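1. Output the structure for:
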Amino acid sequence: MTANHMEKTQKVLECSDLEAFVLNPGPSLVYTTGLHFHLMERPVVVIFSKSQVPAIVLPELELQKLVDLPYEIRSFAYGEGLDTWTGAFDQALSSLGLQGKRIGMEPQSLRMLEFGFLQSAVPQAKFVDAGNIIGGMRLLKDESELASMRMAVRIAQKALENSLPLVRIGMTEKEIAAELTLQLLRNGSDPALIFSPIVSGGLNAANPHATPGLRKLKGGDLLVIDWGAVVDGYVSDLTRTFAIGDVDPEYLKIHHVVQEANIAGREAGMPGEPCARVDRAARSVIEKAGYGVYFTHRTGHGIGMEGHEEPYMRGDNLQIMQPGMTYTVEPGIYLPGRNGVRIEDDMVISASGCESLSDMSREMIVIG
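-> Model (predicted):
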């Protein structure tokens, strides 16, 4: 996979009006090189330049990661002394002849730390936003990427299935989240989760991005669980909503409405159609039921090596769906101060329509 992505990166660069791409630790760096670094106080950058071997600036302690790579890369390592850092950046940028050139970067990822060293090394260079170009390389998933995502879905579903029998009235949201995290790891998820599980009950369920707290489950609550696994760096992102004992009839109603919206959103995926179609299909179901004002976010977002990436399923997004695009469909209804419902599935656009990678029951299941 890495060799293919390296070749793809070089081809994209050759067809652009840029002389180079600069990437620091994050999903795009893993995608293009297979190298894993975490953001830390020591800067790391990889520089792709037209018709040249890529260069990497990194601390000496990370050099072992470059041993036996299936491609050529030139390293410019620095020591613990801060005075060696500037020299490594100067040498790398000088060797590539990037003074006065257009260099692309990802504004959402490149930190001021790395940017400062880069700018100092080539003060006449022009650094430009290449987020769409770089992100575009990751937009359409190939079969090996989809295989990892399918496995991430299977692991996530199994982890929740193993966790649910332990859920009972009186448990805190944190306790449920901790058990689910443990089950994700036990069932084979990469340890570096893209996001921590969202577990929210009762009035907290009315907050789409609630943080699990010390609130204890009570009879009559709805319980929203938003979770996902990671396999080979590729994520799954799912949500299901459960009833804790007998619940208000209106809560059963809004769960049914969200179920129907989820179906409509899943069925709306189609190559050649705008992403807005997915949002409009799901949203129209909720609006017709009279709960439109309580659906407070877009219907979905892209997934892959990040929990949120292109494409975004918004009503104003005219980006055309293409085979290989992966995204979520996650309509919800959130009644402030009362309860909330969300049902989320992971989708991939195929040559003739779309496929749901997830198949866990979307029915209202009573637990506790």
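2. Can you classify T241 by secondary structure?
-> With DSSP: H, G, I helix; E, B strand; the rest coil as the basis, the three-state label of T241 is strand.
3. Could you find the closest non-adjacent residue to it?
-> The spatial neighbour of T241 that comes closest, neighbours along the chain excluded (C-beta to C-beta, 6 or more residues apart in numbering), is V341 at 4.6 Å. Backbone N, C-alpha and C define where each C-beta goes, glycine included.
4. Could you do G104 as well?
-> Spatial nearest neighbour of G104, chain neighbours left out: A130 (2.7 Å); criterion: C-beta to C-beta, 6+ apart.
5. Buried residues in stretch 60-78, which are they?
-> Under the neighbour-count criterion of 16 or more other C-beta atoms under 10 Å, stretch 60-78 has 62, 65, 73-74, 76, 78 buried.
6. First-to-last residue distance for it?
-> One end of stretch 60-78 sits 6 Å from the other (C-alpha to C-alpha, to the nearest Å).
7. contact partners of that stretch?
-> If you take C-beta atoms under 8 Å, 6 or more residues apart in numbering as the criterion, stretch 60-78 is touched by 2-3, 6, 33-37, 44, 46, 53-59, 79, 84-85, 87-89, 91-92, 95.
8. Could you rerun that using 7 Å?
-> Residues outside stretch 60-78 that contact it (C-beta atoms under 7 Å, 6 or more residues apart in numbering) are 2-3, 6, 35, 37, 53-59, 79, 84-85, 87-88, 91-92.
9. Mark which of those residues are part of strands, please.
-> Of the contacts of stretch 60-78, the ones assigned to strands by DSSP state E are 55-59.
10. quick one: the residue nearest to G104 and L18 touch, right?
-> Yes - at 6.3 Å, A130 and L18 qualify as touching, with contact defined as C-beta atoms under 7 Å.
11. Now for these two: what residues contact both?
-> Counting by C-beta under 7 Å, 6+ apart, the residues touching both A130 and L18 are G104.
12. Select from the ones in strands among the contacts of stretch 60-78 the one having the most neighbours.
-> Each of those was scored for neighbours by other C-beta atoms under 10 Å, and V57 scores highest at 27 neighbours.
13. How about the contacts made by A281?
-> Neighbour list for A281: 264-265, 268 [criterion: C-beta under 7 Å, 6+ apart].
14. Nearest to A177, out of these: which one, please.
-> Of all the contacts of A281, G265 has the smallest distance to A177: 26.2 Å, by C-beta to C-beta.
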